[in-house]
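Visitor: sequence and computational prediction follow.
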Amino acid sequence: MTDYAVDRLVFGPDDVDLARSPLAGRIDAETYVLGAFNPGLTRLPNGNLLMMVRVAEALREPVKDGHARSIRWEHGHYAIDAWPEDQVTFDDPRVFRIDDEVWRVLALTSISWLLPVELSADGVEVIAVHYDRAIAPDAPYQCYGVEDARISRVEDRWLMTTCSVSPERLSTTLYTSDDAETWTLEGIILDHQNKDMLIFEGLIGGKYWAQTRPLGDTWFAYPPGAEYRPGPSINLATSPDALHWKPHEMPGLRPHAFTASTSRMGGSTPPILTADGWLSLWHGVMPKGDVGAYRTYWSILDKDEPWRPVRSDHGVLIAPNPALTAGLEDRMYLHDVVFTSGIADGGDHYVVASGEADLACRITHVPKAAFGL
């Protein structure tokens, strides 16, 4: 990874005004911003950039009166659920595990909503924070939050995928817009635990295409000596209308056997078309502690056959930068994590948006020459 001319935090937890949160006045408990991170990114019609920031709003006292507590949306209001402290395992500020369940069952100490933040055209200055356009849970399948927006512009329409969380499913939901300002919830488009859905910014053969990342706890082995290793990978799907998706039969990007840095991988930014093919930024996760170490990598995919990589680079494109969060050490609960989630054309460079340490929003200007463009 090289040094970039622009590489900075532009928005963080202290920049969120909770008095204007969708939860304000609707919950009988003090909250704080656990993180403002993993922003979707797109270019607005006025030339500015829009970040759709994930705000994780957490209970100031996740444990109270001998009970572990969680926030939940239900039928237009917010509730607090509580479990006896001796029936949970609480070793992460974000979640706790319910001990007596047959399966691994988690509860969240925060609930996530999306905050539109308008940036200058180069992405380095906050122009406006649009609290009046915040996207909060609004359906039963979102009762524990709306997470990790990814925004694609396809022809004259904006498509935003999000992860919606509930006890019934961890699903992918779609919002659409004609102006990237007013968004309509279209509902669930991928069901249980299919994360990091990225819609290509353009049609291929008259169809919508997307990268997906199904999760599971069982994988089948490649033959000994194979180029790839089993585990979470980036798959492909097609759709006639961006609502109804069919998995594509050819495999997409897969973790390579020769490096532990990509032992787990998933899509980061919606693929955008270049002269050489579709530029796809993706994250690789090296085993480290409970969460792993996250880095950003890239591939260019064939413009007509996007399951076929034209070239990839397993050198790190964007790595975590502790210097950026030096003033936020007292707020940090994760280290060694950068999660890239948005990209926009900046002329001779790309403006790349990332979540730094699940805490704040980072903007990096990556020269197009870094991709051989």
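Guide: Here it is on my side, so go on.
Visitor: quick one: the strands in the stretch 101-250 of the chain?
Guide: Per DSSP state E, counting those that start in this stretch, the stretch 101-250 of the chain carries strands over the ranges 106-108, 110-119, 126-129, 146-154, 157-165, 170-177, 184-190, 194-199, 208-214, 235-239, 246-247.
Visitor: which of those sits closest to R331?
Guide: strand 110-119 (13.4 Å; C-beta to C-beta). C-beta: built from backbone N, CA, C; applies to glycine.
Visitor: pull that closest one out as PDB, backbone CA atoms only.
Guide: C-alpha atoms of strand 110-119 as PDB (Å, rounded to 0.1, in the frame of the first residue of the first chain):
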ATOM      1  CA  SER A 110     -27.100  -1.100  19.800                       C
ATOM      2  CA  ILE A 111     -29.500  -0.600  17.000                       C
ATOM      3  CA  SER A 112     -28.300   0.800  13.600                       C
ATOM      4  CA  TRP A 113     -29.800   3.400  11.400                       C
ATOM      5  CA  LEU A 114     -28.600   5.200   8.300                       C
ATOM      6  CA  LEU A 115     -27.600   8.900   8.200                       C
ATOM      7  CA  PRO A 116     -27.200  10.800   4.900                       C
ATOM      8  CA  VAL A 117     -24.100  13.000   5.100                       C
ATOM      9  CA  GLU A 118     -23.400  15.300   2.100                       C
ATOM     10  CA  LEU A 119     -19.700  15.900   1.300                       C
END
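Visitor: what angle sits between it and strand 146-154?
Guide: 40 degrees (axes from the mean of the first three to the mean of the last three C-alpha atoms, to 10 degrees).
Visitor: could you list every helix and strand in contact with strand 110-119?
Guide: Counting contacts by 3 or more C-beta pairs under 8 Å, 6 or more residues apart in numbering; DSSP states H and E, strand 110-119 packs against strand 31-43, strand 49-59, strand 67-74, strand 126-129, strand 146-154.
Visitor: can you list contacts of the helix or strand bottoming out on mean pLDDT in the chain?
Guide: None of the helices or strands of the chain scores lower by mean pLDDT, DSSP states H and E than strand 88-92, at a mean of 86. For strand 88-92, contacts defined as C-beta atoms under 8 Å, 6 or more residues apart in numbering pick out 62-63, 68, 96-99, 107, 290, 333.
Visitor: which of those sit farthest apart?
Guide: D99 and Y333 (21.7 Å).
Visitor: so what's the residue sitting furthest away from the middle of the chain up against?
Guide: When each C-alpha in the chain is compared with the mean C-alpha position (C-alpha atoms, centre = their mean), D65 comes out farthest, at 34.0 Å. With contact taken as C-beta under 8 Å, 6+ apart, D65 is in contact with A82.
Visitor: same thing but at 10 Å, please
Guide: Neighbouring residues of D65 by C-beta atoms under 10 Å, 6 or more residues apart in numbering: 82, 85.
Visitor: could I get the pLDDT score of it?
Guide: We note a pLDDT of 95 for D65 in this prediction.
Visitor: phi first, then psi, for it.
Guide: Dihedral angles of D65 (phi, psi; degrees, to the nearest 10) stand at phi 50, psi 40.
Visitor: could you export the strands of the stretch 101-250 of the chain as a markdown table, including mean neighbour count and distance to S263?
Guide: Shown next, in a markdown table, are these (neighbours: other C-beta atoms under 10 Å; distance: least, C-beta to C-beta, whole Å):
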| stretch | mean neighbour count | distance to S263 |
| --- | --- | --- |
| strand 106-108 | 19 | 22 |
| strand 110-119 | 24 | 27 |
| strand 126-129 | 15 | 36 |
| strand 146-154 | 24 | 21 |
| strand 157-165 | 23 | 22 |
| strand 170-177 | 20 | 22 |
| strand 184-190 | 17 | 24 |
| strand 194-199 | 24 | 16 |
| strand 208-214 | 23 | 14 |
| strand 235-239 | 19 | 17 |
| strand 246-247 | 12 | 23 |
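Visitor: make TSV from the contacts of strand 88-92 and add distance to W307 to it.
Guide: Output for these, formatted as TSV (distance: C-beta to C-beta, whole Å):
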residue	distance to W307
P62	43
V63	48
A68	44
F96	40
R97	37
I98	40
D99	43
A107	38
D290	33
Y333	37
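Visitor: so which residue is dead centre in this protein?
Guide: D148 (3.4 Å).
Visitor: residue contacts, that residue?
Guide: Contacts of D148 by C-beta under 10 Å, 6+ apart are 37-40, 52, 54, 112, 114, 161-163, 172, 195-197, 339, 341, 355.
Visitor: what pLDDT does it get?
Guide: With respect to pLDDT, D148 scores 97.
Visitor: ok, it to H283 distance?
Guide: D148 sits 12 Å away from H283, going by C-beta to C-beta, to the nearest Å.
Visitor: overlap of the contact sets of these two?
Guide: When contacts are counted by C-beta under 10 Å, 6+ apart, D148 and H283 have 196, 339, 341 as shared neighbours.
Visitor: burial measure for the last one, as a count.
Guide: If I follow you right, that is S341. Counted with other C-beta atoms under 10 Å, the neighbours of S341 add up to 33.
Visitor: excluding its backbone neighbours, what's nearest it?
Guide: Counting by C-beta to C-beta, 6 or more residues apart in numbering, the nearest residue to S341 once its immediate chain neighbours are dropped is N38, at 4.8 Å.
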